[in-house]
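**Student:** Quick one, fold the following:
(2 chains)
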Number of protein chains: 2
Amino acid sequence: MSRIALIIEYDGTNYCGWQIQKNGVSVQQRLEEALEKALGMKTAVVGAGRTDARVHALGQVAHFDADTDIPADKFFYVLNTLLPDDIRIKKSFTAPEGFHARFSAKGKHYRYVIRNAREKGAVDRLYTMFVPVPLDVERMRQAAKQVEGEHDFAAFCAAGSDLKGTTVRTVYSVDVTKDGDYIMIDVKGSGFLYNMVRIIAGTLISVGKEKLSPQDVRNAIEAKDRTLAGATAQAQGLFLMEVYYEFFHNSY
Amino acid sequence: MSRIALIIEYDGTNYCGWQIQKNGVSVQQRLEEALEKALGMKTAVVGAGRTDARVHALGQVAHFDADTDIPADKFFYVLNTLLPDDIRIKKSFTAPEGFHARFSAKGKHYRYVIRNAREKGAVDRLYTMFVPVPLDVERMRQAAKQVEGEHDFAAFCAAGSDLKGTTVRTVYSVDVTKDGDYIMIDVKGSGFLYNMVRIIAGTLISVGKEKLSPQDVRNAIEAKDRTLAGATAQAQGLFLMEVYYEFFHNSY
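**Tutor:** Residues are numbered from 1 along each chain as shown, chains lettered A, B, ... in the order given. This is a model prediction of the structure:
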């Protein structure tokens, strides 16, 4: 039995998210279906983290265990033949000793993409959140600094979340960059609460609109009060870019 | 009666192209349906140029004539409310005196986007052509220079085209740029034969693969022989970026 790791890109538009659910088709389901065809038996796929419906991934990581003659790097070809076009294996390889896609993950990089223009786009509609009000990027950067570091992020967690354990997380960096009509928010951290990145994005958008100040963001964190942070930004602007491990590095 | 001009963005994925056809839904059809709802009567929309199935546009231009109280700039809002998400009006305005979307056009800018990487993408699959073989961009640039200028482009016109008149066209510039895994071919010219930009892209891809040389491209033009140029590149990598007029300037 050997453990094989996968780096996966997907367009989340047509999926109910990463995780298998009763209602709707998930990315995990499509992967397990492809693996069953490749291996001739049901095989569970373990992902580094869940993504919601319509959220995309350029660098999701997963593993599975198989007793197979197929060399690890050949699953790249085999699975891509069996998967739909909107799920692509970028790389497959023998997992390092002791590797677990979820438990070994040391952190993640998410990107949130905003279209900040007068008109909605057609081509980018499934991959951005549209914000017609001009956003003050410098002000968003100041608020982003408040989010960085180790904090109790209870204010940045979806209300009603089933929390097991602490809401303390470490955010390594929050970078806000502008490129033409697009504003990118790159968030890197040790781990994230449910909807945390989308709430950070929604909060920075409120700051960019001057509905909140950078100080309000600090206050929301200190008060641990979800109602003091901004709205949850739309799913389709979010991309899981990379999962960090001690074992290996993948970057996009 | 006044003539109103539209600048239009669309995602060509779900359309049979710009022009109304018996089989399949076209962008023009969706626009005329929206206009009929807005104006209460059938109204023809004239586009600057046709685009094929799955070809995208960031700056298509069209006009229509209407006897209406709706101010020209309000069609931006009215039509966007009535159109599907994958067709967006970027701007609407009273056309200058004598303006005709097709006959007044002085030239066009097309962009062809190649994903040049080992693996296919998921998120970009509908907006790029995938080429796994590493392309020699410098060699493509040398070939691009052969295409620039006034030439008889018979070799770069879809075989069997119903040609009315000359196949001489002026290509102002062909620029090849690389950005990470993406190679962009920007072609600007006075006018284009059927499939001409896709054949230019396919030919430059063959040059990048070292299947053709820059000199072969010159020879194909001089021989006016379609079989000496490269294959027609896939539709989904092509974007109509801008239509040039003396009357006004739109750029994306």
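**Student:** State the pLDDT value of the closest residue to residue A:126 other than its chain neighbours.
**Tutor:** For residue A:126, ignoring the flanking residues on the chain, the nearest one in space by Cβ to Cβ, 6 or more residues apart in numbering or on different chains is residue A:13 at 4.9 Å. In short, each C-beta sits where N, CA and C put it, glycine included. pLDDT for residue A:13: 98.
**Student:** Name the residue most distant from the centre of chain A?
**Tutor:** Distance from the centre of chain A peaks at residue A:69, with 32.7 Å (Cα atoms, centre = their mean).
**Student:** measure that residue to chain B for me?
**Tutor:** Between residue A:69 and chain B the computed distance is 23 Å (Cβ to the nearest Cβ, to the nearest Å).
**Student:** tell me the SS of that residue?
**Tutor:** Taken by DSSP: H, G, I helix; E, B strand; the rest coil, the conformation at residue A:69 corresponds to coil.
**Student:** What count of nearby residues applies to whichever residue of the stretch 101-250 of chain A sits closest to chain B?
**Tutor:** Residue of the stretch 101-250 of chain A nearest chain B, by Cβ to the nearest Cβ: residue A:122 (4.4 Å). Residue A:122: 25 surrounding residues under other Cβ atoms under 10 Å in any protein chain shown.
**Student:** Am I right that it is in a strand?
**Tutor:** No: assessed with three-state DSSP, residue A:122 is coil; it does not lie in a strand.
**Student:** residue contacts, it?
**Tutor:** B:9, B:10, B:11, B:56, B:85, B:86, B:87, B:88 (Cβ atoms under 8 Å, 6 or more residues apart in numbering or on different chains).
**Student:** Correct me if wrong, but the first one is in a strand.
**Tutor:** Yes: if the criterion is three-state DSSP, then residue B:9 is within a strand.
**Student:** That one reaches residue B:85, doesn't it?
**Tutor:** No: assessed by Cβ atoms under 8 Å, residue B:9 is found out of contact with residue B:85, at 11.0 Å.
**Student:** which residues does residue A:112 form a beta bridge with?
**Tutor:** residue A:185, residue A:238 (DSSP bridges).
**Student:** Name the residues that touch the one helix or strand residue A:142 maps to?
**Tutor:** Secondary structure from DSSP states H and E places residue A:142 in helix A:137-147. Contact partners of helix A:137-147, identified using Cβ under 8 Å, 6+ apart, comprise A:156, A:171, A:174-176, A:178, A:183, A:185, A:187, A:200, A:203-205, A:207-208, A:210, A:212-215, A:217-218, A:221.
**Student:** if you set the cut-off to 7 Å instead, what comes out?
**Tutor:** A:171, A:174, A:176, A:178, A:183, A:200, A:204, A:207-208, A:214, A:217-218, A:221 (Cβ atoms under 7 Å, 6 or more residues apart in numbering or on different chains).
**Student:** Could you tell me which of those belong to helices?
**Tutor:** Taking DSSP state H as the definition of helices, the contacts of helix A:137-147 contribute A:200, A:204, A:207, A:208, A:214, A:217, A:218, A:221.
**Student:** per-residue confidence for the closest residue to the last one other than its chain neighbours?
**Tutor:** Taking Cβ to Cβ, 6+ apart as the measure, residue A:221 lies nearest to residue A:151, with 5.1 Å between them; neighbours along the chain are not counted. As predicted, residue A:151 sits at a pLDDT of 96.
**Student:** For residue A:151, grab phi and psi.
**Tutor:** phi -140, psi 160 (degrees, to the nearest 10).
**Student:** Tell me how far it lies from residue A:140.
**Tutor:** 18 Å (Cβ to Cβ, to the nearest Å).
**Student:** next one: residue A:147
**Tutor:** From residue A:147 to residue A:140 the distance is 11 Å (Cβ to Cβ).
**Student:** do residue A:99 as well
**Tutor:** From residue A:99 to residue A:140 the distance is 37 Å (Cβ to Cβ).
**Student:** So which of the two has more stuff around it?
**Tutor:** residue A:140 (25 against 18).
**Student:** quick revisit: how far off centre is the helix holding residue A:142?
**Tutor:** Distance of helix A:137-147 from the chain centroid (Cα atoms, centre = their mean, to the nearest Å) equals 21 Å.
**Student:** cool, and stretch A:67-82?
**Tutor:** Taking Cα atoms, centre = their mean, the mean C-alpha location of stretch A:67-82 is offset from the chain mean by 25 Å.
**Student:** For it, list every residue counted as buried.
**Tutor:** A:68, A:72, A:75, A:76, A:78, A:79, A:80, A:82 (16 or more other Cβ atoms under 10 Å in any protein chain shown).
**Student:** Kindly report the same for stretch A:149-157.
**Tutor:** Buried positions in stretch A:149-157, judged by neighbour count with 16+ other Cβ under 10 Å: A:151, A:153, A:154, A:155, A:156, A:157.
**Student:** again with stretch A:84-98
**Tutor:** Buried, per 16+ other Cβ under 10 Å, within stretch A:84-98: A:84, A:86, A:87, A:88, A:89, A:90, A:91, A:92, A:95.
**Student:** Repeat that for stretch A:58-68.
**Tutor:** By neighbour count on 16+ other Cβ under 10 Å, the buried set for stretch A:58-68 is A:58, A:59, A:60, A:61, A:62, A:63, A:64, A:66, A:68.
**Student:** Kindly report the same for stretch A:172-183.
**Tutor:** Residues A:174, A:176, A:181, A:182, A:183 are the ones in stretch A:172-183 that count as buried (16+ other Cβ under 10 Å).
**Student:** What is the most widely separated pair among those?
**Tutor:** Using Cβ to Cβ, the buried residues of stretch A:172-183 span at most 20.9 Å, a distance reached by A:174 and A:181.
**Student:** wait, what's in contact with the nearest residue to residue A:75 once chain neighbours are set aside?
**Tutor:** Sequence neighbours aside, residue A:92 is the residue nearest to residue A:75 in space, at 3.8 Å (criterion: Cβ to Cβ, 6+ apart). By Cβ under 7 Å, 6+ apart, the residues touching residue A:92 are A:4, A:6, A:72, A:73, A:75, A:76.
**Student:** If we use 8 Å, what do you get?
**Tutor:** A:4, A:5, A:6, A:7, A:72, A:73, A:74, A:75, A:76, A:79.
**Student:** quick one: which of these sit in helices?
**Tutor:** Going by DSSP H, the helices hold A:75, A:76, A:79 from the contacts of residue A:92.
**Student:** any chance of the residues you listed in JSON lines, with pLDDT too?
**Tutor:** Output for these, formatted as JSON lines (pLDDT from 0 to 100):
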{"residue": "A:75", "pLDDT": "97"}
{"residue": "A:76", "pLDDT": "94"}
{"residue": "A:79", "pLDDT": "98"}
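**Student:** closest to residue A:51 among the residues you listed?
**Tutor:** Taking Cβ to Cβ as the measure, residue A:51 sits nearest to residue A:79 out of the ones in helices among the contacts of residue A:92, at 18.6 Å.
**Student:** Flag every residue of chain A that's near chain B.
**Tutor:** A:9-11, A:56, A:58, A:76, A:80, A:85-91, A:119-123, A:125, A:127, A:239 (Cβ under 8 Å from any Cβ of the partner chain).
**Student:** let's see 10 Å
**Tutor:** Contact residues, chain A versus chain B (Cβ under 10 Å from any Cβ of the partner chain): A:7-13, A:27, A:56-58, A:76, A:80, A:83-91, A:117-127, A:180-181, A:239, A:252.
**Student:** who touches the residue nearest to residue A:173 when sequence neighbours are not counted in this structure?
**Tutor:** Of all residues not flanking residue A:173 in the chain, residue A:188 sits nearest, at 5.0 Å (Cβ to Cβ, 6+ apart). Under the criterion of Cβ atoms under 10 Å, 6 or more residues apart in numbering or on different chains, the neighbours of residue A:188 are A:107-111, A:148, A:170-175, A:241-242, A:244.
**Student:** Sweet, I'm off.
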